[in-house]
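In: dropping a prediction and its sequence here:
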Amino acid sequence: MGPVELLHMTVFSQSFSPCGRFLAAGNNYGQVALFSLAAALSPDATAANQKPVLTFKAHEGPVFSLLSNDGVLLSAGNGEVSAWSWTELIKKNVKPLWTKRPDYKSGLEIPEINSMAINRRDNSLAVGAGDNNVHILDLEHGAFKATLQGHTDYVHCVCMREREAELLSGGEDGAVRMWDSRTGQCVHRIELYKYESCARPQYGKWISCLTTDSDWMLCGGGPSLSLWHLRSLSPTSVFPLSGCQRQAIFHQDMILAAGDGAFVSHCLLGGEVKAQIPCTAPSLNTLQLNTRSSEHRMLTVGGGSNRIDIFTNLSYRAFSLSF
Amino acid sequence: MSTDALKKRKSKVIRGEGGNPETKRGRGEVDQDVRSYNEEGELDGRDPEYDYQQYKESCDSLAKLMSEIQELKANGAKEGNAEVELRRMQGCIHFMNLKKLNRLAHMRLKKGRDQTHEAKQKVDVLHLQLQNLLYEVMHLQKEISKCLEFKSKHEEIDLVSEEEFYQDAPEEISRPNLTRNDLHQLTLARLDWELEQRKRLAEKYKESLSMKEKIQKSIEVKKEHLRSLQPGLNGIMQASLPVQDYLSMPFEKTQKQAEIARHLPPPLYVLFVQANAYGEACDKNLSVSICGDVDEARALSKPPDDSQDDESDSDAEEEQEKTKRRRPTVGGQLDDKRREMLKRHPLSLNLDLQCKDGSTLHLYFFYLMNLNIMTVKTKVSTSTDLNTAISAGELLKSDTLLSCLYSSDQGRETPNPANRYQFDKVGIVSFSDYVDELGYPYMWVQNLGGLHFPSETSEGVLVGSSLSASHMESTMKLLKGRVQSRLALNKQFASLEHSIIPITSECQHLFPAKIVSRLARWTTISQQEYTELSFTRHVSEAGLARETDLYFMGVVERGTARLHAAVVLSPRYPEISPLFSLSLNWKGERSGRTDDNLRAMESEVNVFKNELQGPKPGHQLLTNQIARLCVCLDVYLETEVQDDSVEGPREFPREKMCLRTVRGPNRLKPFKYNHPQGFFSHR
C-alpha cells in the first residue's frame, strides 16, 4: 500500500472483538485490519503499536459493514457476507469460515451490502443491500430464508429492536420501515423528508443512520438527525447539526453522532448540541463504543482517512490508529 | 727426707725397671746382639690390651694396699712397722709399673700419629695424580667432539645425484671400482665432477654474453632503420586522412582521443572507458568525446610545483565564475581558497545520448579535483523545434531534468562526506549554491565515475571500473527514459496550454466519446503557491509534495462549474505518477476534503492510475489523468441531485449512462467507465 493509496483510504466499518482487546476496521480497498488495543493503550506504546497487527484482503469491494457475533467476525463487501473466526484471526490465520451471497435479482452490477444487524431471537442476520431489499440470513442453517421487499431505493442501514422483535431499515428512498421479524411484513413506514421539522431538501431525503433504544429511535441522513418516539411515531427532538450524519449511537444520557465534518457531535436528548469534538478525518463514517472490556473502554471513530481516532475520554481525541 | 728417699727409690726403680729388660736380656744372653734394650722395640711386642689390663690390676692392688695401710695405721701401727713397710714397698713397685705403662702409652700415641701423617701424604699425592688424569681426559674428549663437528665446505655445494654422477661423469673421474665402496672417495670424485662441470658452464656463459652483445648491436641497427621509416609513415597517414573521412572510419580520431584520455583524471577516465565500452557493446547511439584544454591537463599531470603556473592562465570562463562567486562580506583570500577548492579539472567528458526521435541529451561530466567528486551538466537538443510551452519551461532545464533519477538523488549536496570539513575551512555553507556553475554532483554520476562514498545505507561496496560498469546500463536507460518522458511532457504541455488534451488512439477506449468538460487552463505554479492552497494541505502533510517536484494547476470547466486541479509532478514521472488534488467551484466551494465524491474523483485519477498508463512506458499518463478528470466532472455534475424546489431545466442534463447514481454509505457517484458497453459504474 503506497502513500497515495493511504491518502485516499476511507474507513467504513469497525467492530470490536468479543474479548474487547482487538478492533477490526474495514476500508474502501476491501481490507480488514486488526488493531491490538492493549498494545496501543500501554504506557510505552510506540508508533508501531498504532499500526495493525494484521491486515488482510477480505473482499474485492469496500468493506461497508463489520459485525462481531458469537466469536465470529462478519464482514460485508462486494455483495457478499463472510465470516471469520476471531480466535483464528488473532492467531493471524486468515481464512473465512464461510461466504454467503444473497439471492439478488438485478444482474449488471453486484449490489453492495451497506449494513448488517443480528437478530438474537432467532439467530439470524439482517442484511441491508443495494438491491432495495433486506435479506435475512439464518445463521443456524446458513441459508437466506427471507427477503423483505418494500424500499424503492437501496437500503442504507438496518437495526434491530430486540424487545419488540422488530427490524428497522432506512433507505435512499427516504423511508424508515419497521418490519415484523417473525412474519416479514412491513408494519410501519416513516418518511422523514415529509416532516417539516427535519426535512432538508438541499441535501436530499435518504436515511443513512438509524439506531434504537427501547421506545426511542434515532435517525438522520439527508433530513436532520432526529429522535423519535416509536409508540407515537412522532419526532420529539431535532438536532441542529449541519451536514449528513452517517452514524449515531445512544450513550448513557447522550447521543453521539458523526458524519460530514471532522468532528463527533455530543447531543443531549432534548435536542441541544453539547459539544463537537474534532477528529483527524475530514468526514466520518463510523463510530464504535467498546463496552466489552472494562479496561479498554473507548470510542473509536473512522472516516475519510487512513486513521482511526481513539477517544479514551469522550471529550478529546487521545491518539489515532493508522492503517 | 722421705721424699728424698722416695726420689732415690724412684731413680732406683727406673733403673731397676730399665734394668728389667736387661735382666731379661741378661736372662737371654744367647741372642744379646738382637735383644738390645729398646723400649721402642718392646713396644711392638706388647699388646696394648694387655697393658691396659696390667694398669687396671696395678691400680686395684694399689688401692688395696692403701686401704690395708690405712687399716693398719688405724689399728695403731707405728711408723716403720714392717707390715706397713712391706706394703709401701709393694706400692712403690706398682707405681713403677704404672710409670712404665704411661711411657709406653705415650710412645704408642706418637707412633700412631707418625703413621697417620705418612698415610695422609701418600693420599694427597695420589689425589693430585687423579686430578691431572681427569683433566687430560676432558681435554681429549673436547678435541674429539671438535673433530666430529668439523664442517667441510663441500657440503654446501649442490652436487648432482649419485646416479646422474655415475651416468654422466667419465670413467677417469668417477673411478667406480674405487668409489663404489668408499664413501669418502665417492664424495671426492663427485666434487671433481662438479668442478669440471662448472668450468664448462662458465665458458658457455662467456660465449652467451658475447652473443648477446652481438644481437644487441644488430637490434640497434634495425631500430635505427625503423626510426628512419617514421617520417615516411607519417606522410602516408597525413595523405590518408581524406580517405578515412570519406570512408567514415575515424581511426585517427579515436587514437587522438585515447591519447588525450591519458590526461583525464581517474574518475573521468573510468567513465570514458566504460561509456566507450557500453557504447560499442550495447548502444550505438552513445558517443563520447573529451573537451577542454589538453595542455593544461598535461601540465597538471606533472609534479605539483609545475601546476602552480596553471592558475595564471585559467580561461575566461573561470574568471567569470570568480567574479560571480565573490561575496561582498568575504575577503579576497578566502575567495581564492574557495576558487581553488572548487576548481574543475581542465578536461571534461561529453556524452551524447541520442534518442529514437532524433533528440539528443548532452551530458557534460566534470571532475572537481580538490573535492574528489564528479558533477554533470545537461543540455537537450531536439531535432524539431519545440513549440515553446510556457508551463514546460521547467521540464528541460538542467536543474530539474535529471533530478531524482534514482530516488532521492537530488544532486544538491556533495556526496563526499569529507567535503563537509573542507567547506567548513573556507566558509562554504552548502554546495547547492554552486551547482549552477559547477554542475550537479548526483550520486549516479559518482557511481559512473567509479567513486564510492559511504552512506547510511551502504550495500556491497564496489569501487572503480566495476562500480561504473554495474551502473552504466541502468543509468543510460534511465537517462534515455527521462529525456523521452520530458520531451513527451513538453509536447503534451504545449497542447494542454491550448486547452487540448491529447489522447492517442491507444487510449481512446479509456474515455467515452463525448466529453463535455474542457480543460480551460494549464499553468505552472511554485511549490509555495501549491502549499498555500487549502485543498492540498493533506498532500503536504503526507510528505508527498517535495522540493524537487514540479507543480501545476489545471482548471477544468463545464458551464458554471470550475474544477481546480493542483498537480504534483515528480521528476521521476512516469515512474511515480502525478498526484491530483481537486477543488470544485459550483454552488459554493467544495474540495476533496469536504466532498466524498471529489475525493473519489481524486482517487479515480491518483489510485487507479494503472488503467491510464497507456502504452509503455506510460508517457501519456498525465494527459489521460486530465482526460479522466474531465469525464469524472461530467459524471459528477450530471448525477447531482436536482433540488426540486428550484424551478427550471437542469443545468447539466443526464447524458452519461449510469446503472445507479449513488451507492454505498457515502453515496458515491459512478466514476468508473466500462469501455465497450459505455456505461458508468461504481468501483
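Out: Great, that's in hand.

In: can you name the residues of the stretch 1-150 of chain A that neighbour chain B?
Out: Residues of the stretch 1-150 of chain A found near chain B (Cβ under 8 Å from any Cβ of the partner chain) are A:3-8, A:10, A:12, A:61-62, A:64, A:108-109, A:112, A:114-115, A:130. For the C-beta atoms, the positions are set from N, CA and C on the backbone; glycine is no exception.

In: what about those, which are in strands?
Out: Among the residues of the stretch 1-150 of chain A next to chain B, the residues falling in strands (DSSP state E) are A:12, A:64, A:114-115.

In: quick check, nearest of these to residue B:224?
Out: Lowest distance from residue B:224 to these (Cβ to Cβ) belongs to residue A:12, with 95.6 Å.

In: dump the ones in strands among the residues of the stretch 1-150 of chain A next to chain B to CSV, plus pLDDT and neighbour count.
Out: Formatted as CSV, these follow (pLDDT from 0 to 100; neighbours: other Cβ atoms under 10 Å in any protein chain shown):
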residue, pLDDT, neighbour count
A:12, 93, 25
A:64, 93, 28
A:114, 92, 27
A:115, 92, 25
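
In: and the strands in the stretch 1-150 of chain A?
Out: Counting by DSSP state E, counting those that start in this stretch, the stretch 1-150 of chain A has strands at residues A:11-16, A:22-27, A:31-36, A:54-57, A:63-69, A:72-77, A:80-85, A:98-100, A:113-119, A:124-129, A:134-138, A:143-148.

In: of all these, which one is nearest residue B:666?
Out: Across the strands of the stretch 1-150 of chain A, closest to residue B:666 is strand A:11-16 (Cβ to Cβ), at 7.8 Å.

In: angle of the closest one against strand A:72-77?
Out: If you take axes from the mean of the first three to the mean of the last three Cα atoms, to 10 degrees, strand A:11-16 sits at 170 degrees to strand A:72-77.

In: packing partners for strand A:11-16?
Out: strand A:22-27, strand A:63-69, strand A:72-77, strand A:284-290, strand A:298-303, strand A:307-311 (3 or more Cβ pairs under 8 Å, 6 or more residues apart in numbering or on different chains; DSSP states H and E).

In: quick one: list the elements packing against the second one.
Out: Helices and strands in packing contact with strand A:63-69 are listed as strand A:11-16, strand A:22-27, strand A:31-36, strand A:72-77, strand A:113-119; criterion 3+ Cβ pairs under 8 Å, 6+ apart.

In: looking at these, spot the one closest to residue B:39.
Out: Taking the helices and strands packed on strand A:63-69 one by one with Cβ to Cβ, strand A:31-36 is closest: 134.8 Å.

In: could you dump the closest one to CSV, C-alpha only?
Out: Written as CSV, here are the backbone C-alpha positions of strand A:31-36 (Å, rounded to 0.1, in the frame of the first residue of the first chain):
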residue,chain,number,x,y,z
GLN,A,31,-9.1,-4.7,3.5
VAL,A,32,-9.8,-5.5,7.1
ALA,A,33,-7.1,-4.5,9.7
LEU,A,34,-6.9,-5.8,13.2
PHE,A,35,-5.5,-3.5,15.9
SER,A,36,-4.4,-4.6,19.3
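
In: list the buried residues for that strand?
Out: A:31-36 (16 or more other Cβ atoms under 10 Å in any protein chain shown).

In: tell me which strands that strand pairs with, and in which orientation.
Out: strand A:22-27 (antiparallel), strand A:54-57 (antiparallel) (DSSP bridges).

In: neighbours of residue B:448, how many?
Out: Applying other Cβ atoms under 10 Å in any protein chain shown, we find 29 residues neighbouring residue B:448.

In: could you pull up the contacting residues of it?
Out: B:270-271, B:274-275, B:365, B:374, B:468, B:471-472, B:475 (Cβ atoms under 8 Å, 6 or more residues apart in numbering or on different chains).

In: tell me the one of the residues you listed nearest residue A:150?
Out: Looking across these and measuring by Cβ to Cβ, the closest to residue A:150 is residue B:475, at 66.7 Å.
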